[in-house]
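Q: any chance you could fold what I've pasted below:
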Amino acid sequence: MRNLKFTIAYDGTDFNGWQAQPGQTTVQGTLADVLEKLTQQRVVIYAAGRTDAGVHAAGQVVNFRTQSPLATEELQRAFNALLPPSIRVNAGEEVSPNFHSRWDAVAKTYRYRIFRGRVVPPFLWKYVQHDPQELDFEAMAEAACLFTGEHDFTTFAASTGSEEDDRERTTTRTIYRSELLRIQSANSFHAAEEWSYVVRGRSFMRHMVRKMVGTLVEIGRGKMAPADLMKLIALRDRSKSGPTMPPHGLWLENVEYPDPANSLAPCGNQ
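A: Next up is the predicted model:
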């Protein structure tokens, strides 16, 4: 039995998230359907992270086990020929039988994009959150840095849907990088600023990044001060965070294996 690792990208707009669900179009289900056509076997495909409905990925990592004799390159070509254009397999390799895309990941990087222009170009609206209102970038950037380190992120985690699971789950997470960036965009179609929140950590809970960004936006609107962020963390009360931002601005940018330098990175020095 071979264990194959694929690095994939997808536009999450038309998918009801990663995880396969009966009667729903999902990324995992779509990949499994294609693999079944190629191997005549129904195989479980594991992912480094379970993205929610509408969330995109530029560097998702998956793995699956198969007895197919096809070379990895042939499988990659076959996948891309049969998959919808909203999912692409960018790389593939055979890995150790013990490799698991989720449990072996040592860091994941997410990016949340906020478009600051007055009008969103039609080819961007599915991939950015539009917010042209007045926001204090400096206050948001200062607060973003405070997420770095090991904290209990209960305040910024959505419920699992089970009170028992909520009580039993570990809510302490380590964030290696947390930074708000200005990205100037200019071309023949538009000229506007985009703000990107980039966060790198060992693992993340459900809706965690979107609630972190929602809190930063509240700080940008002057509803909280940057110093209030540490008070929110200490409260461990998810009703106190900022709103959960819409999913379409969020991207899973990349997943790291097997053991990068996990030292805490000061803001502005990545």
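Q: give me the buried stretch members for the helix or strand harbouring residue 8, please.
A: Residue 8 is part of strand 2-10 when elements are defined by DSSP states H and E. For strand 2-10, the buried set under the neighbour-count rule, 16 or more other Cβ atoms under 10 Å, comprises 3, 4, 5, 6, 7, 8, 9, 10. Quick note: C-beta positions are derived from backbone N, CA and C, even for glycine.
Q: quick one: which of these is nearest to residue 40?
A: residue 4 (16.3 Å; Cβ to Cβ).
Q: domain parsing of the protein, as residue ranges.
A: 2-95, 107-256 (automatic domain parsing).
Q: worst average pLDDT in those domains?
A: Mean pLDDT values for the domains of the chain show the minimum at domain 107-256, a mean of 91.
Q: residue 104 is in contact with residue 202, correct?
A: No: contact status for residue 202 versus residue 104: not in contact, 11.9 Å apart, counting by Cβ atoms under 8 Å.
Q: who's more crowded, the two?
A: Between residue 202 and residue 104, counted using other Cβ atoms under 10 Å, the more crowded position is residue 104 (18 against 15).
Q: so the more buried one: helix, strand or coil?
A: Using DSSP: H, G, I helix; E, B strand; the rest coil, the structure places residue 104 in coil.
Q: so it makes contact with residue 256?
A: No: at 10.0 Å, residue 104 does not count as touching residue 256 under the criterion of Cβ under 8 Å.
Q: chain center to stretch 220-235: distance?
A: Put simply, stretch 220-235 sits 23 Å off its chain's centre (Cα atoms, centre = their mean, to the nearest Å).
Q: any idea how far apart the tips of that stretch sit?
A: By Cα to Cα, to the nearest Å, the extent of stretch 220-235 from end to end equals 21 Å.
Q: any chance you could map the strands in the stretch 101-250 of the chain?
A: 107-115, 129-130, 149-152, 172-186, 191-201, 250-256 (DSSP state E, counting those that start in this stretch).
Q: what lines up beside the longest one in the sheet?
A: The sheet places strand 172-186 alongside strand 149-152 (antiparallel), strand 191-201 (antiparallel), with pairing taken from DSSP bridges.
Q: can I get the last one as PDB, trimmed to CA atoms?
A: The C-alpha trace of strand 191-201 is given here as PDB (Å, rounded to 0.1, in the frame of the first residue of the first chain):
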ATOM      1  CA  ALA A 191      -5.600  50.900  -7.700                       C
ATOM      2  CA  ALA A 192      -6.400  50.300  -4.100                       C
ATOM      3  CA  GLU A 193      -4.900  49.200  -0.800                       C
ATOM      4  CA  GLU A 194      -5.500  45.700   0.600                       C
ATOM      5  CA  TRP A 195      -4.800  44.800   4.200                       C
ATOM      6  CA  SER A 196      -3.700  41.200   4.900                       C
ATOM      7  CA  TYR A 197      -3.700  39.600   8.300                       C
ATOM      8  CA  VAL A 198      -1.100  36.800   8.300                       C
ATOM      9  CA  VAL A 199      -1.000  34.300  11.100                       C
ATOM     10  CA  ARG A 200       1.200  31.200  11.500                       C
ATOM     11  CA  GLY A 201       0.700  28.700  14.300                       C
END
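Q: thanks a lot, catch you later.
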